[in-house]
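Participant: Dropping the sequence and predicted coords here.
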Amino acid sequence: MVEKAQEKYEISQSVIFWYPFYVGDLQFRVYFTTKYIVAVGIGKRMIFNTEFVQVGWEEVERFHRGFLDSFVKYFISGSPVIYKDILPFFTSTFFSKTVLYWTYLIPHGRTVSYGELAEWVGGRRYSRAVGQALARNKLPILIPCHRVIQAGGKPGNFTAGVEFKVKLLKLEKKYLAELRMGKNDPGNSQI
């Protein structure tokens, strides 16, 4: 516990960099320190203005080799983004961190309902709070909040819009179907 607090303090004293990039027509920003990816902005929701230091692709690769390639491959083929050096630094409450932890564990191509996720973190009565915690997720795709849907199977909200959420879910299911048929090499999606 003390080590985590120390680590968070050290990061708060670090410089946070950001790098803008596009996948198709959609703009992203990745926010990072020398150790961790701390946030990803999608589309109009870029999370922060320019209060951090903008850098080039070389800096992202220097500190987080392979991250951008893996992230872009996800949008091309649906292959998993496997990157462990992430830190939900901008998440403040224990409850929100717990929700994000359990969301991180949702398997690629699978979905769970807000109610199911609420059960995992303490009970169905927390469904709305789970939705609110996911709405504040600063690491979408890496902490896959798009895999959490409404009880009736409807997609629910997402940072970049409902249509984009549906597109991501279809892309992941397609990737898994192709993997089962031997069309994808899972080794290619690893960093």
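Facilitator: Arrived safely. Note that the structure is a prediction, hence the values are computed from the model and not measured.
Participant: for the nearest residue to residue 35 once chain neighbours are set aside, what are its contacts?
Facilitator: Excluding the flanking residues, the one nearest residue 35 by CB to CB, 6 or more residues apart in numbering is residue 85, at 6.6 Å. For the C-beta atoms, the positions are set from N, CA and C on the backbone; glycine is no exception. Shown in contact with residue 85 (CB atoms under 8 Å, 6 or more residues apart in numbering): 35, 36, 37, 64.
Participant: now do 10 Å
Facilitator: Contact analysis of residue 85 by CB atoms under 10 Å, 6 or more residues apart in numbering lists 32, 33, 35, 36, 37, 38, 63, 64, 67, 142, 191.
Participant: got it, and residue 174?
Facilitator: Neighbours of residue 174 in contact, by CB under 10 Å, 6+ apart: 77, 78, 109, 183, 184.
Participant: Pull out the buried residues from stretch 133-150.
Facilitator: 133-134, 136-149 (16 or more other CB atoms under 10 Å).
Participant: send the alpha carbons of that stretch over as CSV?
Facilitator: This file holds the C-alpha atoms of stretch 133-150, laid out as CSV (Å, rounded to 0.1, in the frame of the first residue of the first chain):
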residue,chain,number,x,y,z
ALA,A,133,-16.8,5.2,-13.0
LEU,A,134,-16.5,3.9,-16.5
ALA,A,135,-17.5,7.2,-17.9
ARG,A,136,-14.4,8.7,-16.2
ASN,A,137,-12.1,6.0,-17.5
LYS,A,138,-9.0,7.8,-18.8
LEU,A,139,-7.6,4.6,-20.4
PRO,A,140,-10.3,3.5,-22.9
ILE,A,141,-9.3,0.5,-25.1
LEU,A,142,-6.5,-0.4,-22.6
ILE,A,143,-9.1,-0.7,-19.8
PRO,A,144,-11.8,-1.9,-22.1
CYS,A,145,-14.9,-0.1,-20.8
HIS,A,146,-16.4,-0.6,-24.3
ARG,A,147,-17.0,-4.3,-23.3
VAL,A,148,-19.5,-3.3,-20.6
ILE,A,149,-23.1,-3.2,-22.0
GLN,A,150,-26.6,-2.7,-20.8
